[in-house]
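Asks: No letters, just coordinates:
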């Protein structure tokens, strides 16, 4: 007989939480490492334009508002290709991140803002902008979209978001702090709404019940 205790739902949820947080650290930490290596190869130090000022923080918050507004429009009216993005968020991202605490979500968002903006704007856009500012914007935005290759619609949406962040970065005199805050704040609001917003708990329960029912109906092997 085995002395191992059966895994409880609480322990399974905690294990899933640790896995998700570790994965976020590895992925975004990998982007930071890639930014450091590419920055060295391209003679483009990633944090050259990172400046801590109160004005940059305020502009970063203000620049996030249009993205947050667009998020709520998509959530309210998920039409056409946006339906697939909405469904993916509810059926994949929400259950995956469900065990995470608010602090976890904040940490994941900050890591995403740092890792992605330092690589795509601080290194790639800055490096290609030596040839032409619009080439730098286009290349960094396209690569930002490809990294988010969940669906074709999501790639296009992420590319547009990358272009917006790139324009904000140019307007902010290349201060990375502005768009790191913009990106992190947008991600945090999106994740917080998805996991803690109205109807989130009920949606998770309904999805779990539906998946349990599908397992019961499966024929035995």
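Replies: That came in fine, so what should we check first? Since we're looking at a predicted model, the values are computed, not measured.
Asks: Check which helix or strand the closest residue to residue 177 other than its chain neighbours maps to.
Replies: Among residues not flanking residue 177 along the chain, residue 56 sits closest, at 4.4 Å (Cβ to Cβ, 6 or more residues apart in numbering). Bear in mind the C-beta positions are built from the backbone N, C-alpha and C, glycine included. Following DSSP states H and E, the helix or strand that holds residue 56 is helix 54-76.
Asks: elements contacting that helix?
Replies: When contacts are defined as 3 or more Cβ pairs under 8 Å, 6 or more residues apart in numbering; DSSP states H and E, helix 54-76 packs onto helix 82-88, helix 152-171, helix 176-196.
Asks: For the ones you listed, which has the smallest mean pLDDT value?
Replies: Ranked by mean pLDDT, those end with helix 82-88 in last place, scoring a mean of 82.
Asks: buried set for that one?
Replies: Of the residues in helix 82-88, 82, 85 count as buried by neighbour count, 16 or more other Cβ atoms under 10 Å.
Asks: now stretch 59-77
Replies: Within stretch 59-77, the residues scored as buried using 16+ other Cβ under 10 Å are 59, 60, 63, 64, 67, 68, 71, 74, 75.
Asks: nearest spatial neighbour of the third one, skipping sequence neighbours?
Replies: The shortest distance from residue 63 to any non-neighbouring residue, by Cβ to Cβ, 6+ apart, is to residue 182 (4.3 Å).
Asks: Would you check that the one you found makes contact with residue 65?
Replies: No - the pair formed by residue 182 and residue 65 falls short of the contact definition of Cβ atoms under 8 Å, at 9.2 Å.
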